[in-house]
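[1] With the input below, show me the fold.
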Amino acid sequence: MTPSRAEVERAVRANWTAASCDPVDLPDWSEANAARGQCGATALVLQDLLGGELLLAEVRRADGSRQGVHYWNRLEDGDELDLTREQFADGEVVQPPRPVARPADLSGARTFAQYRALADRVDAALSRGR
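    This is a model prediction of the structure:
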């Protein structure tokens, strides 16, 4: 049985860990801000389970300097799903997105270890829920 969108969202949020955090954001990651550094891995896992396309945007600080980038999803019905938007501090502003292609082979991607860590935990959680 295919998990519902709500089940997928719960499983993803419940399984963010330091292992699935982008190493750049690891110093700022905590259970209190578990979404921090999870956007790349989360967007890929959501695309695996729900389809759609990946969106990418720059994140700017209040002074206009670049903080980093942010990934989220646009589902096939046109809805945008961003489970990690709450990671940003006051003054960190997500800019307008652009669609990006998913790499054909993720094994060489910088975020591969984080993606696998989250994907494996989410798969296990969804399997237990069946």
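[2] So for the residue sitting furthest away from the middle of the chain, what's the pLDDT?
    No residue in the chain sits farther from the centre than residue 63, which is 25.3 Å out by CA atoms, centre = their mean. On pLDDT, residue 63 comes in at 94.
[3] contacts for the lengthiest helix in the chain?
    Criterion DSSP state H: the longest helix present in the chain is helix 112-128. Around helix 112-128, the neighbours that count as contacts under CB atoms under 8 Å, 6 or more residues apart in numbering are 3, 7-8, 11-12, 14-17, 19-22, 38, 40-42, 44-45, 48-49, 106, 109. For glycine as for every other residue, the C-beta is placed from the backbone atoms N, C-alpha and C.
[4] quick one: buried residues of that helix?
    Buried residues in helix 112-128, counted by 16 or more other CB atoms under 10 Å: 112, 114-119, 121-122, 125-126.
[5] cool, and stretch 69-88?
    70-74, 81-84, 87-88.
[6] okay, these in TSV with distance to residue 58, secondary structure and pLDDT next?
    TSV is the format used below for the buried residues of stretch 69-88 (distance: CB to CB, whole Å; DSSP: H, G, I helix; E, B strand; the rest coil; pLDDT from 0 to 100):
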residue	distance to residue 58	secondary structure	pLDDT
70	8	strand	97
71	11	strand	97
72	13	strand	98
73	17	strand	98
74	17	strand	98
81	20	strand	97
82	15	coil	98
83	19	coil	98
84	15	coil	97
87	15	helix	95
88	12	coil	94
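[7] out of those, which one sits closest to residue 94?
    Residue 94 lies nearest to residue 70 out of these, by CB to CB, at 5.2 Å.
[8] quick one: contacts for the closest one?
    Contacts of residue 70 (CB under 8 Å, 6+ apart): 39, 56-59, 84-85, 88, 94.
[9] any idea how far residue 6 is from it?
    Between residue 70 and residue 6 the computed distance is 23 Å (CB to CB, to the nearest Å).
[10] From start to finish, how long is stretch 73-84 in a straight line?
    11 Å (CA to CA, to the nearest Å).
[11] Name the residues that touch that stretch?
    Stretch 73-84 has contacts (CB under 8 Å, 6+ apart) with 5, 9, 12-13, 35-36, 38-39, 42-43, 46-47, 50-55, 70, 72, 99.
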